[in-house]
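Q: sequence unavailable; structure follows:
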């Protein structure tokens, strides 16, 4: 190396962008990443099952939005995803790695199911209020523990919340075994299938599908609330400062530990509410797959949207449409349902990769950069 | 005599985004000399040297080592060319021993034999008179010991060209003398050295030749024997500087903060402040002098409620002659809630004083976010304040929402100082307020501070440049190893006397 | 007594799965990369090993040893491929490590369960996947010794991979602490800037380590598929849970490979303890299965409380490195 006589700079060099890219450019880069990922997924599907990729995308759209029932299911599931992402956003903005949404959803779901089972004699309105309150509380407790230890001894929250997921999962197994019907099935089955006590009611009185109801209103209200909370409130400002630098926050008189615990409790509570929506508003049952990995996917939704509420709505829809569409492909061509996870993974890889081009530029040898 | 140079840099240019850090620089290091690379903070000295050590790669230009053109694309290439750099921020792994750090990166034949390496380290130490334990962990070492490890590391590799980046910034004068003796010994051993510094007396003391950079450009070089402080300063700053800071006589001086026997420990239980007592007066600029890391940061943060005080008292006497208040044990929020308006410009601007990702407005809110009733923040007043500072202090930024992280150092400092002064404080503490600023901005800051002093504010100025401290401040507190080694009248003391106090421990340490 | 012996042996078998996962992750974390994709990687390793054996046997292969070698190789490569995706995104493209790892978990689980579930359809309806022949080779016990009474049962009644895991832990410990590349690797994880300045090729170390680490984690997947569930595929998400347990084990072992050996067996003991405690109903068994996670939580809290220098994670864990950062 040292004896090279001619000076040549390396073939490709990476340098950090000097200024901030205008919004349209950075989102343009992400869109290109998304488009590329769809091409790759298409190629993969062709390689696997040998059909026209355009037809595949047709099937995806049809599978997700083909009938009014499918559309409602897609909207319903997107809303649940959105609720989780919106709940996670404040924690992540504060650089608190809440990997524990899965567990927070599950405990929220358990609390909801418990109310449905034990309190079904109460009037519907009161029952629903209690269910919401209890699911919020359950999620909040699940958030409080890692938050408390993080604030007190700086215990690693990523690993703490991860463990809390499995504790919640075992807790769910415990209750499933306790509440199983019929005996020995190890399934809870549809709770209150006849009287629909504690089911989120239908939003419209005319015959839209029963599954679709107040979920949308609740989630959109939560989203709006969190938008205001994050962008306009004092707490939101505290979160933004802590996320940038804890020292600065302390300097500004922000009580960092208090803010940590408060924010993670809120984050957990909203994820608990997502558990309520998943149980009372969608599946009407509880099982170990009530969260079903959505707690992890929502992290990616929130992160990639840079905690921007509108973008989170778009990402939630995108991912759920893909999931439903991929499931349609799977059943049409006799493939395993998991093809959707594979496709989701590929798309996320590409979007993650495109962040690089938002923050860095490449310089090729010989070319002069104008800027 | 036309001899081959150890290093020749030809027409070197390096840019970071839109900032040109080095512009068409030609620099020579002759065989067996000590070259001083002189320049103000931010003149591009470190960037230039980082291109020799393989940290940065030049955008344009050619480097020759011992007359041969070379490509230095990585630190490894630098080692292969016999170039070793001792960075200002030490490049050491804390949880490793000295020996482990020293052999790090070497691709010798055979298996890793730390015992043999340890012996070789000892040999080098004995040869040049270093005093380190090869098996000690880095996190147990003092700053000067860490620097020694860095030097041994370079020698261990057989480097014949050594670059030292501001090696004396963290050393006491005694340690500095020792370092210079070592440098001379290495020179006698046939090695070529570059020392980066902005301290003139050191330049004159140790080097054979001086090369000067100003704002990323090469100004010229001069043999040390033909130079003096004045001529070097002229070359370094472009025009003759006699500081001439305006220092009006204080009026209406009275105690504002009385600090009594304050002792504080850091997270690892090391004593950072040792029985510190002095008084901060309203209507005065109190300078705090000391070698870097003597407790300045801890002292200011203790007063601001950001650093835990183990024992002692800090008593506040308000401007309205109301009853004195005890500050120890209060956090910044409680201090505010007690109606005490204390402004603080910390050393770490973006890491403590400002939020890098937010614009000026967001940063103004750091001091006002809690104001007003209700859940929501008021953005209107901070926005107005931001606009005022933008205009009054001539901050260069496209808008009040442009992230301050992307601004230049001088503008960042203006935003910070502007905000702190706008609080109409009764105490204004600044740490290294002019570090990295050009001369004009520095004077803007000095004037702002003096203005505050005349308004009856108690101003605290922690600085590193003794000339400035002696011309700006009314009284000086000198810290040494966490202790107060002197409280003096800045008008009646010489630079040499302050320098002596900076290295004089008050008690027991005298044995050394 | 027999109960205790069988508890011990199931603990060791169980521990072996997560020990592989944890060893790979220790290596990865030592170089400064927190890879939360371990479950996905173990899935990818497991399915690759299974597929290799499946196609080998479908093509008429009859040598158990060859099937075993092929599936081991395929497993390592498949898992390392997962590591390579992660490495490219986090090292070259400097994507966030946690998010990338989670995505890899989703992706790996998807790929594995997709192939595991659709293999029949793809290969034209061969029937239930079973690679008994190759699985047999994985499950061969040491002759003579394994019959030697209690001692034989306790120490010699496992497939070869149980011993491989121990050997690997010992070798890794030696590598990290006593060799030059090991020293360099740790330096990269502690302080990449320093390692870079010392002339270590940070990118090369990071790439190699994350890929090899992923390959080792993947071995846990193939051990699970071939030995633990005897060469079949179950689409039940258990492997994902084991993957997370492996991540937990890394903390429990405080980033030390040797400690991972007994810690993994301890996890196994705690995990299976419910089977051997009389009088537990089905629901209370589930509560007992929480124990490994609760224990890990306790360790996590204690480690953060004690703040001992030697027990902390690598200092640069989770941070991406860009030399020209300013």
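A: Arrived safely, thanks for sending. Computed from a prediction, not measured in an experiment: that's the story for all the values here.

Q: pLDDT at residue C:30, what is it?
A: Here, the pLDDT recorded for residue C:30 equals 93.

Q: hang on, isn't it packed against residue C:183?
A: No. Using C-beta atoms under 8 Å as the test, residue C:30 is too far from residue C:183 to be in contact (11.0 Å). No exception for glycine: its C-beta is placed from N, CA and C like everyone else's.

Q: quick check: buried residues in whichever strand or helix holds residue B:62?
A: Taking DSSP states H and E as the criterion, residue B:62 maps to strand B:60-65. Neighbour-count burial for strand B:60-65 flags B:60-61, B:63-65 (criterion: 16 or more other C-beta atoms under 10 Å in any protein chain shown).

Q: shouldn't residue C:107 be in contact with residue C:40?
A: Yes. Contact between residue C:107 and residue C:40 holds when scored by C-beta under 8 Å: they sit 5.9 Å apart.

Q: so which of the buried residues of strand B:60-65 reach chain A?
A: Among the buried residues of strand B:60-65, the ones lying near chain A by C-beta under 8 Å from any C-beta of the partner chain are residue B:63.

Q: for the buried residues of strand B:60-65, which one is nearest residue C:285?
A: residue B:63 (70.1 Å; C-beta to C-beta).

Q: overlap of the contact sets of residue C:107 and residue C:40?
A: Residues touching both residue C:107 and residue C:40 (C-beta atoms under 8 Å, 6 or more residues apart in numbering or on different chains) are residue C:82.

Q: who's more crowded, those two?
A: Each of residue C:107 and residue C:40 has its neighbours counted (other C-beta atoms under 10 Å in any protein chain shown); residue C:40 has more, 35 against 26.

Q: not counting its neighbours along the chain, what's nearest the more buried one?
A: Of all residues not flanking residue C:40 in the chain, residue C:108 sits nearest, at 2.4 Å (C-beta to C-beta, 6 or more residues apart in numbering or on different chains).

Q: what are the phi and psi values for that neighbour?
A: Dihedral angles phi and psi of residue C:108 (degrees, to the nearest 10) take the values phi -60, psi -40.

Q: and the strand holding residue B:62, what does it pack against?
A: strand B:5-16, strand B:19-30, strand B:68-70 (3 or more C-beta pairs under 8 Å, 6 or more residues apart in numbering or on different chains; DSSP states H and E).

Q: who wins for proximity to residue B:124 among those strands?
A: Nearest of those (C-beta to C-beta): strand B:5-16, 20.9 Å.

Q: neighbouring strands of that closest one in the sheet, and parallel or not?
A: strand B:19-30 (antiparallel), strand B:60-65 (antiparallel) (DSSP bridges).

Q: ok, back up a step: turn the buried residues of strand B:60-65 into TSV, including pLDDT.
A: Listed next are the buried residues of strand B:60-65 as TSV, based on pLDDT from 0 to 100:
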residue	pLDDT
B:60	89
B:61	91
B:63	92
B:64	92
B:65	92
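
Q: and residue A:177, how many residues sit next to it?
A: Using other C-beta under 10 Å, residue A:177 has 17 neighbouring residues.

Q: host element of it?
A: helix A:157-179.

Q: next, the buried residues of that helix.
A: Neighbour-count burial for helix A:157-179 [16+ other C-beta under 10 Å]: A:157-177, A:179.

Q: what residue in the stretch 251-371 of chain A comes nearest to chain B?
A: In the stretch 251-371 of chain A, the residue that lies nearest chain B is residue A:253 (3.9 Å; C-beta to the nearest C-beta).

Q: wait, is that residue part of a strand?
A: No. Counting by DSSP: H, G, I helix; E, B strand; the rest coil, residue A:253 is not found in a strand; it is coil.

Q: mind listing what it touches?
A: Residues near residue A:253 by C-beta under 8 Å, 6+ apart: B:331-333, B:335-336, B:370.

Q: pipe those residues into TSV and attach secondary structure per row.
A: Shown next, in TSV, are those (three-state DSSP):
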residue	secondary structure
B:331	coil
B:332	helix
B:333	helix
B:335	helix
B:336	helix
B:370	coil
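
Q: list phi and psi for residue B:400.
A: According to degrees, to the nearest 10, residue B:400 has phi -80, psi 0.

Q: repeat for the one 3 residues further on
A: Recorded main-chain torsions at residue B:403 are phi -50, psi 130, according to degrees, to the nearest 10.

Q: thinking again about what came up before, what's the helix holding residue A:177 packed up against?
A: Counting by 3+ C-beta pairs under 8 Å, 6+ apart, the packing neighbours recorded for helix A:157-179 are helix A:101-118, helix A:124-153, helix C:238-252, helix C:282-288, helix C:291-306.
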